[in-house]
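Asks: this is the structure alone, sequence omitted:
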């Protein structure tokens, strides 16, 4: 069973950037992977997904609120999924998690806190 560990969160000012990492304990080559977030008092939501199509071809998809600001990618040699977050807004404040898409209950990690505030 693959375990996922998120890192890279922190406190950043509005307009700033962060890069989140999700390190997997095993191969994720053919997995559809995604980043999710949960803000205080709100349900966890899908933010971005990186879906396996064929060979080394993947498709990235984003929720409307982050499109053009966030970029999801992966490095299969490192079994790691990334989320580059630019032009951050206070409403991006949340705990960010990675998981498969659709999410698997046994794959949830501890998440990484992202706080956007001046």
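Replies: Cool, the structure landed. Quick caveat: nothing in here was measured; it's all calculated off a predicted structure.
Asks: so what's residue 28 scoring on pLDDT?
Replies: The predicted local confidence for residue 28 comes out at a pLDDT of 92.
Asks: for it, grab the count of nearby residues.
Replies: With neighbours defined by other C-beta atoms under 10 Å, the count for residue 28 comes to 24. Heads up, the C-betas are built off the backbone N, CA and C, glycines and all.
Asks: center of the chain - which residue?
Replies: The chain has residue 35 as the residue nearest its centroid, 2.8 Å off, counting by C-alpha atoms, centre = their mean.
Asks: surely it touches residue 95?
Replies: No - at 11.2 Å, residue 35 and residue 95 do not qualify as touching, with contact defined as C-beta atoms under 8 Å.
Asks: quick revisit: partner residues bridging the residue nearest to the centre of the chain?
Replies: residue 48, residue 98 (DSSP bridges).
Asks: enumerate every residue touching it.
Replies: By C-beta atoms under 8 Å, 6 or more residues apart in numbering, residue 35 lies in contact with 20, 22, 46-49, 72, 81, 83, 96-98.
Asks: what's the separation between it and residue 54?
Replies: 22 Å (C-beta to C-beta, to the nearest Å).
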